[in-house]
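S.K.: coordinates only, no sequence provided:
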């Protein structure tokens, strides 16, 4: 199954149609605060309300942000006239709230990981999305980072030639903490997070690799481990290799037990190479070295400006739905690769072929 890797340049900033849609955020934690800040930079999208299980988070939403707050989805839809729902809860409830939103005939955005296997594999989630007339939008936000957007332009310009290899490194001194009002260490609890750093940061590396190299993973090898003490349920380090279409090889290293925070991306092509080191971008081609300093915002965990641009893309797809299917396929491949990586880790890094479910193209 081919992945149609379209450019994120097609956004409302090019042919902007203000949609004036009202929406609600489900799960008002730290990442939801970044979402809200992003929405407030978009003229056509208005967040009116939130749902959260924590009374303190609901009170915060009401008092600091002027939002209506509810404890259940049922209360929300009975009280608000909405056009879209943004699911920002932890991974264990993504499918549940996405299904409720699509059943309610709302456009639906969902934070990563978008798909998690259940007894049907992904089939129930796929059927739910395919049967809905509304847009389902995976929140793959790293594609909207300013520095990676510049990298995409360089790759598309042909300066590097055919991309043959990508290497990514994501180092953090610990896992991102949730809000104090509700289980701040939820990312290290298997029942909630459904994995460790591989499930949390891994999707960013996989969909970004597909986006930048115009390839799709075919097989994967992964070794995981735990170096930090106190969180025995989930891994804090992952070493991953992928064999992809178009003869592209990808590797990425993830760690929550590093001594420092850094984000590095490198690409190798037949005519040159490229390196991103936090805010520094350098690339060489045919003997010429180029350097650029860009505020990547990798170290802003709210990613509010990335979300602003992503939500403008969401708005564009509501108006022009041509790219809906490629985004769903991208999310399915990403989740299938993560699942295969976990299987590989259980087999000491053995190569595992991806089992990607078919998505009906209509």
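M.R.: Received the coordinates, thanks. Computed from a predicted model, the values in this text were never measured in an experiment.
S.K.: quick one: contacts for residue 207?
M.R.: Going by Cβ atoms under 8 Å, 6 or more residues apart in numbering, residue 207 touches 140, 142, 143, 330, 331, 333, 334. Backbone N, C-alpha and C define where each C-beta goes, glycine included.
S.K.: name the helix or strand for it, please.
M.R.: Here residue 207 sits within helix 202-213, counting by DSSP states H and E.
S.K.: hmm, back to that, which ones among the contacts of residue 207 map onto helices?
M.R.: Mapping those onto helices (DSSP state H) picks out 330, 331, 333, 334.
S.K.: residue 38: which of these is nearest?
M.R.: Lowest distance from residue 38 to these (Cβ to Cβ) belongs to residue 331, with 19.4 Å.
S.K.: neighbours around the closest one, how many?
M.R.: If you count neighbours by other Cβ atoms under 10 Å, residue 331 ends up with 26.
S.K.: Provide a list of residues in contact with it.
M.R.: 112, 114, 115, 138, 140, 207.
S.K.: surely residue 152 forms part of a strand?
M.R.: No - read with DSSP: H, G, I helix; E, B strand; the rest coil, residue 152 is helix and lies in no strand.
S.K.: circling back: among the contacts of residue 331, who's most crowded?
M.R.: residue 114 (29 neighbours).
S.K.: now the phi/psi pair for it, please.
M.R.: Taking degrees, to the nearest 10, you get phi -70, psi -40 for the backbone angles of residue 114.
S.K.: buried residues, the helix holding residue 207. List them.
M.R.: For helix 202-213, a neighbour-count test (16 or more other Cβ atoms under 10 Å) marks 202, 203, 204, 205, 206, 207, 208, 209, 210, 211, 212, 213 as buried.
S.K.: can you pull the contacts of the nearest residue in space to residue 133 that is not next to it in sequence?
M.R.: Setting aside the residues directly before and after it, residue 133 is nearest to residue 105 in space (Cβ to Cβ, 6 or more residues apart in numbering), at 7.3 Å. With contact taken as Cβ under 8 Å, 6+ apart, residue 105 is in contact with 132, 133, 134.
S.K.: list the contacts of the closest residue to the first one other than its chain neighbours.
M.R.: What that stands for is residue 132. Spatial nearest neighbour of residue 132, chain neighbours left out: residue 102 (4.3 Å); criterion: Cβ to Cβ, 6+ apart. Counting by Cβ under 8 Å, 6+ apart, residue 102 touches 108, 128, 129, 132, 134, 136.
S.K.: same question for residue 221.
M.R.: Going by Cβ under 8 Å, 6+ apart, residue 221 touches 240, 241, 242, 344, 349, 350, 351, 352.
S.K.: out of the residues you listed, which are inside helices?
M.R.: residue 344.
S.K.: low-scoring pLDDT stretches of this protein, where are they?
M.R.: Applying pLDDT under 70 to the chain flags residues 1-18, 361-362.
S.K.: how near is the most centrally placed residue in the chain to residue 47?
M.R.: Central residue of the chain (Cα atoms, centre = their mean): residue 140, 3.1 Å from the mean position. Per Cβ to Cβ, to the nearest Å, residue 140 is found 20 Å from residue 47.
S.K.: do a quick rundown of the helices in this structure.
M.R.: Along the chain, counting by DSSP H, helices occupy 30-39, 55-65, 73-79, 94-103, 123-131, 146-156, 190-193, 197-200, 202-213, 304-319, 324-346.
S.K.: just give me how far the last one sits from the chain centre.
M.R.: Centroid separation for helix 324-346 versus its chain: 12 Å, with Cα atoms, centre = their mean, to the nearest Å.
S.K.: quick one: buried residues of it?
M.R.: In terms of neighbour count (16+ other Cβ under 10 Å), helix 324-346 has its buried residues at 324, 326-342, 344-345.
S.K.: over to the third one?
M.R.: In terms of neighbour count (16+ other Cβ under 10 Å), helix 73-79 has its buried residues at 73, 76, 77.
S.K.: for these, which one is nearest residue 247?
M.R.: Residue 247 lies nearest to residue 73 out of the buried residues of helix 73-79, by Cβ to Cβ, at 46.0 Å.
S.K.: just list the residues touching that closest one, thanks.
M.R.: Applying Cβ under 8 Å, 6+ apart, the residues near residue 73 are 26, 51, 97, 100, 101.
S.K.: make TSV from those residues and add neighbour count to it.
M.R.: What follows is those, written out as TSV (neighbours: other Cβ atoms under 10 Å):
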residue	neighbour count
26	28
51	27
97	20
100	21
101	27
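S.K.: quick check: end-to-end length of stretch 156-167?
M.R.: For stretch 156-167, the first-to-last residue distance is 18 Å (Cα to Cα, to the nearest Å).
S.K.: okay, buried residues for it please.
M.R.: Those would be 159, 160, 163, 164, 165, 166, 167, for stretch 156-167 by 16+ other Cβ under 10 Å.
S.K.: report the separation between the last one and residue 126.
M.R.: It refers to residue 167. Computed as Cβ to Cβ, the residue 167 to residue 126 distance reads 32 Å.
S.K.: how about the first one?
M.R.: Between residue 159 and residue 126 the computed distance is 38 Å (Cβ to Cβ).
S.K.: and for the fourth one?
M.R.: Spatial separation of residue 164 from residue 126 under the definition Cβ to Cβ is 32 Å.
S.K.: and if you look at the fifth one?
M.R.: The spacing between residue 165 and residue 126, counted by Cβ to Cβ, is 32 Å.
S.K.: which members of the contacts of residue 102 define the maximum pairwise distance?
M.R.: Maximum pairwise distance in the contacts of residue 102, criterion Cβ to Cβ, is 10.8 Å, between 128 and 134.
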